[in-house]
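Q: Below: sequence and its predicted model.
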Amino acid sequence: MKKIGILGSTGSIGSQCLEIIKEYPQQFNLVFITANTNSDKLIEQAKYFKPKYVCLANKDEYPKIKNSLSDTIILSGMEDMHNLCVDSKPDIILNAISGYKGLSLSAKILENGIDLALSNKESIVQAGDLLVNLSKKHGSNIFPVDSEHSALWQCLIGENNNNIKRIILTGSGGPFRTFSIEKLQYVTKEDALKHPNWEMGKKITIDSATMMNKGFELIEAFWLFNISYDKIDIIIHQESIIHSMIEYIDGSIKAQLSEPNMRMPIQFALTYPERLKTESDYFDFIKNNTLHFEKVDYNKFPCIKLAYEAGRKKGTYSTVLNVANDLSVELFLKDKIKFIDIALMIENCLSRHDSINNPNLDDIYNTIYWTEQNFKKELVN
């Protein structure tokens, strides 16, 4: 029985992970759950699943949780959350926190030899080299939870990386796949939050609309699979049935296909190298008998171009890319900037940055702070 901790249990990925644990009680022992501010949902989950530990980042909600739960160790604040990752002695932790603040938790997990099921792609975008090295040094594993990277991982099992001709990341194109560049100037927050295939949190849904999500996945694939950016392609696949592909040097192509839901990649990360049987219906090839593919319009989706550039430059450029995107999306969701301004603000921030080569964690954190301060100055001006 695997002992599991969940960082961000009240979000979409964390909630789906709990559904898997509910279905397979003999396979998993839930040792802790955490949330940022959603105390009501955290209390509800704790009452049902009865983990040993519960932690809320927002310390102000501690009394409410304390009064609502018994026979549970209640913690609060980010320091407690970091300590919990180690003190609870889990076998694997799902990092399902959204945004760039998930990095320190990912590092804490890996440096203590604990396996990491990584949904917080921002961690590896900001500090891929550091996290990969921590994983190797301490004998911990990084298991990708993104559907695209889970697909690549599954296609690579039993293969030699030297035989890879290219990796092909697929993306639905989001809600604005057919929009003209001119039409994007009038996109509203409500428009951007209507994803055609996936149900996700607000931040990642906006990332999908700008296709920065695919840019992050590009950088994540580089670090997870040690593949040159020149060998990573992105194509639009509107049905989201093929989650990604690998073309090998002999012309053979492996693809991982399934209905567009996150259950399978979450479950595979938790159970690897085993697979658990689900009661889902057989995949209907007749219903899904037409698959479409399109080129990416990099002028319409400049965030992908920015990700390629930041990834190739290395250093702390991808940290700035990640944080600037988070802050821009936050401003857009608060109706303070337009949709098309997201990429412009990120590009402006990158152009001002003096990168640090071979950064350590302190360099990464200092770069995060620099980016935050740069955004404050930009808004003032």
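A: Arrived safely.
Q: The closest residue to residue 58 other than its chain neighbours and residue 11, how far apart?
A: Spatial nearest neighbour of residue 58, excluding adjacent residues (Cβ to Cβ, 6 or more residues apart in numbering): residue 37 at 4.8 Å. The C-beta positions use only the backbone N, C-alpha and C, and glycine is treated the same way. Computed as Cβ to Cβ, to the nearest Å, the residue 37 to residue 11 distance reads 11 Å.
Q: circling back: next up, phi/psi of the residue nearest to residue 58, please.
A: Main-chain dihedrals, residue 37, degrees, to the nearest 10: phi -130, psi -10.
Q: does it really touch residue 64, like I thought?
A: No - contact status for residue 37 versus residue 64: not in contact, 11.5 Å apart, counting by Cβ atoms under 8 Å.
Q: With neighbour numbers in mind, choose between those two.
A: Neighbour tally, residue 37 and residue 64, criterion other Cβ atoms under 10 Å: the higher count belongs to residue 64, 16 against 13.
Q: Contacts only, for the more buried one.
A: Shown in contact with residue 64 (Cβ atoms under 8 Å, 6 or more residues apart in numbering): 39, 43.
Q: Please report how far it lies from residue 256.
A: In terms of Cβ to Cβ, residue 64 sits 43 Å off from residue 256.
Q: just residue 263 next, same as before
A: Counting by Cβ to Cβ, the gap from residue 263 to residue 256 is 14 Å.
Q: Settle it for me: which of the two has more neighbours?
A: residue 256 (20 against 16).
Q: secondary structure class for that one?
A: Per DSSP: H, G, I helix; E, B strand; the rest coil, the local secondary structure of residue 256 is strand.
Q: Use 8 as the first number for this chain going forward.
A: Okay, using 8 as the starting number, the last item reads as residue 263.
Q: can you pull the contacts of it?
A: 157-159, 161-162, 249-252.
Q: Now do the strands in the chain.
A: Applying DSSP state E to the chain gives strands spanning 9-14, 35-42, 60-63, 80-83, 99-102, 122-125, 149-151, 171-178, 239-243, 249-255, 260-264.
Q: how about low-confidence regions in the stretch 58-207 of the chain?
A: Counting by pLDDT under 70, the stretch 58-207 of the chain shows low-confidence ranges at 203-207.
Q: picking that back up, got a list of what the residue nearest to residue 65 touches?
A: Contacts of residue 44 by Cβ under 8 Å, 6+ apart are 63-65, 68.
Q: Out of those, which end up buried?
A: 63-65, 68 (16 or more other Cβ atoms under 10 Å).
Q: how close does residue 84 sit to residue 63?
A: 8 Å.
Q: Likewise for residue 208?
A: Residue 208 sits 18 Å away from residue 63, taking Cβ to Cβ as the criterion.
Q: again with residue 379
A: For residue 379 relative to residue 63 (Cβ to Cβ), the value is 23 Å.
Q: which residues of the stretch 208-357 of the chain fall in helices?
A: 209-217, 219-232, 270-278, 309-320, 324-340, 348-359 (DSSP state H, counting those that start in this stretch).
Q: Out of those helices, the one nearest residue 32 is which?
A: Across these, residue 32 has its closest neighbour in helix 270-278 (13.4 Å, Cβ to Cβ).
Q: Kindly tell me how buried the closest residue in space to residue 352 that isn't next to it in sequence is, as a neighbour count.
A: Closest residue in space to residue 352, ignoring its immediate chain neighbours: residue 335 at 4.7 Å, by Cβ to Cβ, 6+ apart. Using other Cβ under 10 Å, residue 335 has 25 other residues around it.
Q: swap in the one 3 residues further on?
A: Residue 338: 17 surrounding residues under other Cβ under 10 Å.
Q: my guess is it meets residue 346, correct?
A: No - Residue 338 lies out of contact with residue 346 (Cβ under 8 Å); the separation is 10.9 Å.
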